[in-house]
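**Q** Sequence plus the predicted model coming up.
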Amino acid sequence: MKDLKVALIQANLAWENPQQNRVYFSNKIDTISESIDLIVLPEMFSSGFTMNPINAAESMDGETILWMQRVAKEKNTAITGSLIIRENGNYYNRLIFMYPSGDIKTYDKRHSFTLAGEHKVYTAGNEKLVVEYKGWKICPLICYDLRFPVWARNVEKYDLLIYVANWPKPRITAWDTLLKARAIENMTYCIGVNRVGFDSNKHEYSGHSATYNCLGEKISNIPLSSENTSVVTLDVKHLKQVREKLQFLNDMDAFQIDA
């Protein structure tokens, strides 16, 4: 297990236009000059947070999945983010974790954002995902999941918690606060990647993408509200030393989550 270099892409998304967004992210990724291990994109990175999935939905062998596979192979890096997937007559807000080999792990957003009617449009998932990559155990979640700490509780002893999001500006203080809290309570690195700009519903997004270490200290320096591509290095030695010294995860409560 070595240090992990992660690229966070804080983007202004084209509304319901997967092709335009793929070109946009290809250009952003091409600007990364150093070798990296993982690229993190926002929630619904191919469309924006739309409740009209028919306009941007794809299959698991669609163009955006194939694009992720090409990027992962060409750049020799994993890449993750969520998009709209149509499967068996249902729509899913599905996170894809694409390995450099082209292998795929998936996570369907558990907590639907009822304020926007997401539960009426998308089928929720009920299985937590923890992937193993380069010796790291990584738990990727989606936006509204951030408000539910029990779902994120680190019973798997993962090393990195990721939230991909379209989190709006009026509630950005909650985003900042909860990302930090999830890092502290789970004794883990926590990365949040949010979008910027306005969507077609006139909702504004102010970014605030960030990385916190297991003590809740921000270790990234990303401009708050503008498009940006930033690389952060996760220090495995720091994580292990703090966990071994404090051992807070050993004292957590036992519990069971009902589906």
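**A** Arrived safely.

**Q** Phe248 against Thr188, yeah?
**A** No. If you go by CB atoms under 8 Å, Phe248 and Thr188 don't touch, sitting 10.9 Å apart. Backbone N, C-alpha and C define where each C-beta goes, glycine included.

**Q** More neighbours: which of these two?
**A** For Phe248 versus Thr188, neighbours defined as other CB atoms under 10 Å are more numerous around Thr188 (26 against 15).

**Q** Please enumerate the strands of the stretch 151-259 of the chain.
**A** 160-164, 189-193, 196-198, 204-206, 210-212, 228-234 (DSSP state E, counting those that start in this stretch).

**Q** May I have the phi/psi pair for the residue nearest to Leu246 when sequence neighbours are not counted?
**A** Distance criterion CB to CB, 6 or more residues apart in numbering; nearest residue to Leu246, sequence neighbours excluded, is Met187 at 7.2 Å. Main-chain dihedrals, Met187, degrees, to the nearest 10: phi 50, psi 50.

**Q** isn't Met187 right up against Asp251?
**A** No. Applying CB under 8 Å as the test, Met187 and Asp251 come out as separate, 10.7 Å apart.

**Q** residue nearest the centroid of this structure?
**A** Val164 (2.8 Å; CA atoms, centre = their mean).

**Q** contacting residues for that residue?
**A** Contacts for Val164 (CB atoms under 8 Å, 6 or more residues apart in numbering) come out as 40-43, 45, 80-82, 95, 140-143, 193.

**Q** Could you do Thr77 as well?
**A** Ala7, Ile36, Asp37, Leu38, Ile39, Val71, Pro100.

**Q** Could you check how many residues crowd around Leu146?
**A** Counted with other CB under 10 Å, Leu146 comes out at 24.

**Q** Actually, Thr229.
**A** Neighbours of Thr229 using other CB under 10 Å come to 17.

**Q** for it, what are its contacts?
**A** Each residue near Thr229 by CB under 8 Å, 6+ apart is listed here: Ala7, Leu8, Ile9, Gln10, Lys28, Ile29, Thr31, Ile32.

**Q** top of these by neighbour count?
**A** Gln10 (28 neighbours).

**Q** Make sure that one is actually in contact with Arg195.
**A** Yes. Using CB under 8 Å, Gln10 is in contact with Arg195, at 7.0 Å.

**Q** those strands in the stretch 1-150 of the chain, which residues are they?
**A** Counting by DSSP E, counting those that start in this stretch, the strands of the stretch 1-150 of the chain are 4-10, 38-40, 78-87, 90-98, 104-108, 131-133, 136-142.

**Q** The second one pairs with which strands?
**A** Paired with strand 38-40 in the same sheet, following DSSP bridges, are strand 4-10 (parallel), strand 78-87 (parallel).

**Q** what comes into contact with it?
**A** Outside strand 38-40, the residues within contact range by CB under 8 Å, 6+ apart are 4-9, 29, 32, 71, 75, 77-81, 133, 162, 164, 191, 193.

**Q** Just send the strands of the stretch 1-150 of the chain back as TSV, with mean pLDDT and distance to Leu179 too.
**A** TSV is the format used below for these (pLDDT from 0 to 100; distance: least, CB to CB, whole Å):
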stretch	mean pLDDT	distance to Leu179
strand 4-10	98	12
strand 38-40	98	13
strand 78-87	98	17
strand 90-98	98	17
strand 104-108	98	18
strand 131-133	98	20
strand 136-142	98	11
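
**Q** quick one: which of those is nearest Ala56?
**A** Comparing the strands of the stretch 1-150 of the chain against Ala56 with CB to CB, the closest turns out to be strand 78-87 (5.3 Å).

**Q** Pull out the buried residues from the closest one.
**A** Across strand 78-87, burial judged by 16 or more other CB atoms under 10 Å covers Ala78, Ile79, Thr80, Gly81, Ser82, Leu83, Ile84, Ile85, Arg86.

**Q** Could you check how far the nearest residue to Cys139 once chain neighbours are set aside is from Leu4?
**A** In space, and not counting its chain neighbours, Cys139 is closest to Tyr158: 4.4 Å by CB to CB, 6+ apart. Computed as CB to CB, to the nearest Å, the Tyr158 to Leu4 distance reads 13 Å.
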